[in-house]
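Visitor: After the sequence you'll find the predicted model.
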Amino acid sequence: MASPECPTVTMRPVMPEDHDFMLSLYDSTRDDLDIAGLDPIQRQQLVRMQFMAKAAQYRQTYPKAEDNVVMSETRPVGRMMVNRADREITLVDVALLPEYRNLGIGTKLVRALTDEASRLGKIVRLRVLEGNAAIRVYERLGFARTNDDGTYLEMKWTGGTGVKLI
């Protein structure tokens, strides 16, 4: 049986009116909260609080990051936030709605970043929650584990840059 074709996606900058979509997208990534035994209202409040804290942390840590909504035709289906610095590119956040996962979209987005980094002689860094299925994708694309704090795994892609992994 053939796998579904990877949909064509585009990106556009996040706008204030995307707030509800971004919150819903973030909520869709928080499967870890399902085992916490929270009632729906508690879960919603916790997700909103974490979403706001994460947004504030991103603004403080990556004030110049490019924050985009991933679009499939006219529908928002995800987010990709990227910080570009002199010597490295940081994939700050990438997420897709559940029905758009495992279609090759994430692979295509990350591969575009590694292609850019290769052309510019840069490395790509990212942090991913331990146990996230995306770790396998990142490893398949050439990312190596560089640090594990027990909650997040730091990964780095060096491609053909000649940069040695730490």
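Guide: That came in fine, so what should we check first? If you're wondering where the values come from, they're calculated on a predicted model, not measured in any experiment.
Visitor: Name the next helix or strand downstream of the longest helix seen in the chain, please.
Guide: The longest helix of the chain (DSSP state H) is helix 40-61. From helix 40-61 onward toward the C-terminus, using DSSP states H and E, the following helix or strand is strand 66-72.
Visitor: Buried residues in that following strand, which are they?
Guide: By neighbour count on 16 or more other Cβ atoms under 10 Å, the buried set for strand 66-72 is D67, N68, V69, V70, S72. Using the backbone N, CA and C atoms, a C-beta is placed for each residue, glycine as well.
Visitor: cool, stretch 101-109 as well?
Guide: For stretch 101-109, burial by neighbour count (16+ other Cβ under 10 Å) applies to R101, L103, G104, I105, G106, T107, L109.
Visitor: Now for the nearest residue to the last one once chain neighbours are set aside, how many residues are close by?
Guide: Beyond its immediate neighbours in the sequence, the residue positioned closest to L109 (Cβ to Cβ, 6 or more residues apart in numbering) is M80, lying 5.6 Å away. Close neighbours of M80, defined as other Cβ atoms under 10 Å, add up to 24.
Visitor: State the distance from M80 to Y58.
Guide: Relative to Y58, M80 is positioned 13 Å away (Cβ to Cβ, to the nearest Å).
Visitor: Common neighbours of these two, please.
Guide: D93 (Cβ atoms under 8 Å, 6 or more residues apart in numbering).
Visitor: picking up where we left off before, tell me who's in contact with the residue nearest to L109.
Guide: M11, N68, V70, L91, D93, V94, L109.
Visitor: Tell me which helix or strand the closest residue to the fourth one other than its chain neighbours sits in.
Guide: In space, L91 comes closest to L126 once its chain neighbours are excluded; the distance is 4.1 Å by Cβ to Cβ, 6+ apart. Following DSSP H and E, the helix or strand that holds L126 is strand 123-129.
Visitor: If you average the pLDDT over that strand, what comes out?
Guide: Mean per-residue pLDDT for strand 123-129: 96.
Visitor: Each with direction, which strands does that strand pair with?
Guide: Using DSSP bridges, strand 123-129 pairs in its sheet with strand 88-96 (parallel), strand 152-157 (antiparallel).
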